[in-house]
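Asker: can't give you the sequence, but here's the structure:
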Ligand code: ADP
Ligand code: MG
């Protein structure tokens, strides 16, 4: 069946614009070095495009997993990447190849690796609060873009947030859209389950997924970036899930030593059990933690309407707002 004729099911988008090349990947790229990483179904390897000498990350996705055809899932991942191509914080898709077993996504290489490594690093390599503020704005800018286009990521975690460069600390690239869905036609949530530590209470309760589901994961992520601790992680899955459903979080001074109270206030605005009460990505971008010196807005609510001081942020926001997904 041609791609364009494939029906959209369960929030998946399967209409893609990228041409899937069937000429040999290895004729155009040379694999170099060892793996950049791997997840449940994918292996990612560094490669060099022979014609340009440019470095990329090749994500090898198996067409069959556990005997089932996964083409639809892969097309969905490609479609989401296409829909976010104007946002600088979503990893860029360069080309797509198909072999007899795999589909290969040729992605912009985020050479700094997973932010996970710096979250658990020793003091001199760990993020400062100022680092986290800068990176959080970028993550939120990317996620706000997805949400404006009605896309939920559903697997935001420190293994899926990469850096362009580790030292000096570069910029964020959001990767891994394997679980992403279009909000307007999700029918079932039972089969979509992210990583235990990062999943929102509504997923555990099989309640509807929304953009707020991502915001919960962002709360867990920012907590981890600031403290190096995973807020809900227990000794086993059951304990972790209980901690999540009870929103059992340690905000003690011990854990948050040297971290501002605005940071805690920010985390508290998203780690809220009721998804309707959680701050949105746009609201988070306007939170005072990320805007140390907001201009006074005498007639509006400061959390909801104050703008960032940085002209760069303004530019990025307006640039991405002009790109609605059809
Ligand atoms: P999966 O769906 O299997 O989790 P991911 O897309 O998350 O696959 O890729 C697995 C790992 O490979 C990531 O956690 C990361 O370490 C690495 N990786 C993925 N994409 C890139 C990239 N564009 N640049 C560098 N490393 C990457
Ligand atoms: Mg992943």
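Answerer: Looks like it arrived, so ask away. Note that the structure is predicted; figures quoted are calculated from it, not measured. Ligands and ions are numbered 1, 2, ... in the order given.
Asker: Flag every buried residue along the longest helix belonging to the chain.
Answerer: When the chain is parsed with DSSP state H, its longest helix is helix 129-148. Residues 129, 132-148 are the ones in helix 129-148 that count as buried (16 or more other C-beta atoms under 10 Å). All C-beta atoms are positioned from the backbone trio N, CA, C, and that covers glycine.
Asker: any bit of the top strand by length along the chain sitting next to ligand 1?
Answerer: The residue-count maximum for a strand in the chain (DSSP state E) belongs to strand 29-38. Yes. Strand 29-38 reaches ligand 1 (C-beta under 6 Å from any ligand atom) through 36, 37, 38.
Asker: Could you report the neighbour count for the residue of the stretch 1-150 of the chain at minimum distance from ligand 1?
Answerer: When scored by C-beta to the nearest ligand atom, the stretch 1-150 of the chain has residue 39 as its residue closest to ligand 1, at 2.0 Å. Using other C-beta atoms under 10 Å, residue 39 has 15 neighbouring residues.
Asker: list the contacts for it?
Answerer: By C-beta atoms under 8 Å, 6 or more residues apart in numbering, the contact set of residue 39 is 159, 176, 178.
Asker: In these, which residue is surrounded by the most others?
Answerer: Highest neighbour count within these, by other C-beta under 10 Å: residue 176, with 23 neighbours.
Asker: Start from the N-terminal end of the protein and give the strands.
Answerer: So, for the chain - with DSSP E - the strands run 20-21, 29-38, 42-49, 55-62, 64-65, 68-69, 93-98, 102-108, 113-114, 151-152, 161-163, 172-174, 181-182.
Asker: Please enumerate residues in contact with the longest one?
Answerer: Identification of contacts with strand 29-38 by C-beta under 8 Å, 6+ apart yields 43-50, 55-58, 106, 109, 113-114, 159.
Asker: Same check on the last one?
Answerer: Contacts of strand 181-182 with the rest of the structure, by C-beta under 8 Å, 6+ apart, involve 8, 10, 11, 12, 13, 76, 150, 151, 152, 154, 192, 209.
Asker: same check, this time on the third one
Answerer: With contact meaning C-beta under 8 Å, 6+ apart, strand 42-49 is reached by 28-38, 54-62, 94, 106-107, 109, 178.
Asker: filter those to the buried ones?
Answerer: Buried among these (16+ other C-beta under 10 Å): 28-29, 36-37, 56-61, 94, 106-107, 109, 178.
Asker: Tell me, domain by domain, which residues of this structure belong where.
Answerer: As given by the TED database, the domain ranges for the chain are 20-108, 113-290.
Asker: could these go into JSON lines alongside mean pLDDT?
Answerer: Output for the domains of the chain, formatted as JSON lines (pLDDT from 0 to 100):
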{"stretch": "domain 20-108", "mean pLDDT": "96"}
{"stretch": "domain 113-290", "mean pLDDT": "93"}
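Asker: Residue numbers of the stretch 101-250 of the chain in contact with ligand 2?
Answerer: Counting by C-beta under 5 Å from the ion, the stretch 101-250 of the chain comes close to ligand 2 at 160, 176.
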